[in-house]
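Undergrad: Sequence first, then the predicted structure:
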Amino acid sequence: MKPVVEVRDLFFSYGGELILEGINLSVLPGDFLALMGPNGSGKTTLIRLVLGLLKPLSGEIRLFGVPVQRFRQWHRIGYVPQKATSFDTRFPATVEEVVLSGRFGLLGPGRKPGREDRRAVEEALELVGMAGARHRVIGCLSGGQQQRVFIARALVGRPELLVLDEPVVGLDSRALDSFYSLLEHLNRDLGITLITVTHDTGAVAQRVSRVACINRRLVCCGAPSRVLTAANLSRLYGAPVRRVVHSHWEG
Ligand SMILES: Nc1ncnc2c1ncn2[C@@H]1O[C@H](COP(=O)(O)OP(=O)(O)OP(=O)(O)O)[C@@H](O)[C@H]1O
């Protein structure tokens, strides 16, 4: 099976500071991969490299078998960036308009959205359970609702890979649970390959197929039951964070 994402011997630095060192990682079709690691460990940087938003110092990244610098089929990938939902309540766009903006890459410059685009918007909103809010102003929704709208925007191009950078910041436990159920549905029922950055070991342990732990290097990678051990978490986060993560995980 050809990997959806293949990272080989990847090095990256900001200025002189090495941020990622010798990362090797493959994501296969149908994987649900959680990227974990302490603050500042390089998770967002890795995602931005995979999406071609940053250039590696050395190493190779392939998307659907194509080197990232030559990859052009960006509609095959949906991306929900970190802090997508810190919206000013006065921001004037409606839910429908925000989701439709996810089709602009497919449409190309100057082309007006047509019936197929409207249908894709409707379908994406149905998928995330937000069709009833299509005419509401995005800034007036709760954090959890906004998060769903941003996932709909990432889904509206019908991607095969969805990448989410810490999508659950600020969600309460109920919203968190239904959010992860949605991701599970996208992965299991629709076959969308998922990569999500998360600190939430509890949700991860139950739902994802693989966990990759990053701390400048790839510390460990594999099935949650094998990777999320106390020893690995301690190696990854160190003692103070381990206590918090551990209790949450067991709770
Ligand atoms: N634009 C930038 N210029 C210089 N250094 C940066 C820049 N962006 C990030 N860094 C540094 O790179 C390192 C990795 O940052 P990154 O955001 O990838 O970590 P992260 O694991 O995603 O962190 P968090 O969990 O806090 O979001 C950090 O030390 C950060 O300070």
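TA: Cool, got the structure.
Undergrad: make it CA atoms for all contacts and neighbour counts henceforth
TA: Fine.
Undergrad: Can you name the residues of the protein sitting close to the ligand?
TA: Tyr14, Ile19, Pro38, Asn39, Gly40, Ser41, Gly42, Lys43, Thr44, Thr45 (C-alpha under 6 Å from any ligand atom).
Undergrad: sec struct for the fifth one, please.
TA: Here Gly40 is coil, with the state taken from DSSP: H, G, I helix; E, B strand; the rest coil.
Undergrad: Low-confidence ranges, the stretch 51-200 of the chain, go.
TA: Applying pLDDT under 70 to the stretch 51-200 of the chain flags the ranges 83-90, 169-170.
Undergrad: which residues in it form strands?
TA: 58-63, 66-67, 77-80, 161-165, 193-197 (DSSP state E, counting those that start in this stretch).
Undergrad: Output these in a markdown table, with distance to Ile138 appended to each entry.
TA: Shown next, in a markdown table, are the strands of the stretch 51-200 of the chain (distance: least, C-alpha to C-alpha, whole Å):
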| stretch | distance to Ile138 |
| --- | --- |
| strand 58-63 | 32 |
| strand 66-67 | 36 |
| strand 77-80 | 16 |
| strand 161-165 | 19 |
| strand 193-197 | 23 |
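Undergrad: now the ones you listed in JSON lines, with mean neighbour count?
TA: Putting the strands of the stretch 51-200 of the chain into JSON lines (neighbours: other C-alpha atoms under 10 Å) gives the following:
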{"stretch": "strand 58-63", "mean neighbour count": "20"}
{"stretch": "strand 66-67", "mean neighbour count": "16"}
{"stretch": "strand 77-80", "mean neighbour count": "22"}
{"stretch": "strand 161-165", "mean neighbour count": "24"}
{"stretch": "strand 193-197", "mean neighbour count": "24"}
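Undergrad: Flag every buried residue along stretch 98-116.
TA: Val98, Val99, Leu100, Gly102, Arg103, Phe104 (16 or more other C-alpha atoms under 10 Å).
Undergrad: Just the terminal-to-terminal distance for stretch 20-34.
TA: 17 Å (C-alpha to C-alpha, to the nearest Å).
Undergrad: And for stretch 103-115?
TA: 12 Å.
Undergrad: Sitting in helices, which of the buried residues of stretch 98-116 do you find?
TA: Val98, Val99, Leu100, Phe104 (DSSP state H).
Undergrad: Now do the contacts for the residue nearest to Glu60 when sequence neighbours are not counted.
TA: Closest residue to Glu60 apart from its sequence neighbours, by C-alpha to C-alpha, 6 or more residues apart in numbering: Arg8 at 5.1 Å. By C-alpha atoms under 8 Å, 6 or more residues apart in numbering, Arg8 lies in contact with Gly22, Ile23, Asn24, Leu25, Gly59, Glu60, Ile61.
Undergrad: Quick check: the residue nearest the centre of the chain vs Ser13, distance?
TA: In the chain, the C-alpha nearest the mean C-alpha coordinate belongs to Leu164, at 1.3 Å (C-alpha atoms, centre = their mean). Leu164 sits 22 Å away from Ser13, taking C-alpha to C-alpha as the criterion.
Undergrad: any idea where the helices of the stretch 151-251 of the chain begin and end?
TA: 173-188, 201-207, 224-227, 230-237, 239-250 (DSSP state H, counting those that start in this stretch).
Undergrad: List the buried residues for the longest one?
TA: Same thing as helix 173-188. Buried residues in helix 173-188 (16+ other C-alpha under 10 Å): Ala175, Leu176, Phe179, Tyr180, Leu182, Leu183, Glu184, Leu186, Asn187.
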